[in-house]
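A.B. asks: coords please:
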Amino acid sequence: MRPQLEATSPELCRSDGSPMTEPHAAERYTTTCILDAEIDLLDAAREHTGQAVPTELVRIAVAELEHGAGARLDDGQRRLAQAFCADDRRIVAAVGPAGSREDHRPARRLRGLGCRRPPGHPVGDLGRRRRGAGP
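C.D. replies: Residues are numbered from 1 along each chain as shown. Model prediction:
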């Protein structure tokens, strides 16, 4: 925000008191910590580990979950389980409408059935790497 040299007349102020000469919502607030965390997420989403759960194992785990636990996954949940478990990237994310129930529970159930990434690469593990800090 620029320093204000003169007082702005009330007719030229918004209801919150900010001058109309300043662009609305022009201020941006963040920290280097938040920016570094965003870079970590983007890097992790691009990094392929070469390690993924085989597609057939995910299919078997989903079938066991549905049969043994009596849980019913819809097609979207099955696709998410497949995408989360069989993708070799360090992080995989899904976005859906609020209340769509596309949450972490199916992945937790699948992990409980032995459907997990190899040791050292648990689902959701980003590590604490920073720019310039090696692997």
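
A.B. asks: Now do the contacts for Q82.
C.D. replies: By CB atoms under 8 Å, 6 or more residues apart in numbering, Q82 lies in contact with 55, 58-59, 62. For every residue, glycine as well, the C-beta is placed using N, CA and C.

A.B. asks: What about these, which are in strands?
C.D. replies: Among the contacts of Q82, no member falls in strands (DSSP state E).

A.B. asks: Of these, which belong to helices?
C.D. replies: 55, 58-59, 62 (DSSP state H).

A.B. asks: Tally up the residues packed near E64, please.
C.D. replies: The burial count assigned to E64 is 15, neighbours taken as other CB atoms under 10 Å.

A.B. asks: wait, doesn't V92 sit right on A86?
C.D. replies: No - using CB atoms under 8 Å, V92 is not in contact with A86; the gap is 9.5 Å.

A.B. asks: Next one: A71 relative to A63, how far apart?
C.D. replies: 11 Å (CB to CB, to the nearest Å).

A.B. asks: Just put the contacts of Q82 in TSV and tack on distance to D43 and neighbour count.
C.D. replies: As requested, those are exported to TSV (distance: CB to CB, whole Å; neighbours: other CB atoms under 10 Å):
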residue	distance to D43	neighbour count
T55	26	11
V58	25	20
R59	30	16
V62	30	22
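
A.B. asks: Out of these, the closest to A26 would be?
C.D. replies: The closest of these to A26 turns out to be V58 (CB to CB; 46.8 Å).

A.B. asks: The closest one is in contact with C85, isn't it?
C.D. replies: Yes - V58 sits in contact with C85 when judged by CB under 8 Å, with a separation of 4.6 Å.

A.B. asks: Could you pull up phi and psi at H48?
C.D. replies: phi -90, psi 130 (degrees, to the nearest 10).

A.B. asks: Residues in a beta bridge with it, which ones?
C.D. replies: For H48, the beta-bridge partners are R89 (DSSP bridges).

A.B. asks: Using PDB, write out every CA atom in stretch 82-97.
C.D. replies: Taking C-alpha atoms only, stretch 82-97 is exported to PDB below (Å, rounded to 0.1, in the frame of the first residue of the first chain):
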ATOM      1  CA  GLN A  82      -6.800 -46.300  -8.000                       C
ATOM      2  CA  ALA A  83      -5.300 -42.900  -8.700                       C
ATOM      3  CA  PHE A  84      -4.000 -42.400  -5.200                       C
ATOM      4  CA  CYS A  85      -2.500 -45.900  -4.800                       C
ATOM      5  CA  ALA A  86      -1.200 -46.700  -8.300                       C
ATOM      6  CA  ASP A  87       0.300 -43.300  -9.100                       C
ATOM      7  CA  ASP A  88       4.100 -43.000  -8.600                       C
ATOM      8  CA  ARG A  89       4.200 -39.300  -7.900                       C
ATOM      9  CA  ARG A  90       5.100 -38.200  -4.400                       C
ATOM     10  CA  ILE A  91       1.800 -36.400  -4.000                       C
ATOM     11  CA  VAL A  92      -1.500 -36.900  -5.700                       C
ATOM     12  CA  ALA A  93      -4.500 -34.700  -4.900                       C
ATOM     13  CA  ALA A  94      -8.200 -34.700  -5.700                       C
ATOM     14  CA  VAL A  95     -10.600 -31.800  -5.600                       C
ATOM     15  CA  GLY A  96     -14.300 -32.200  -5.400                       C
ATOM     16  CA  PRO A  97     -17.400 -30.300  -4.300                       C
END
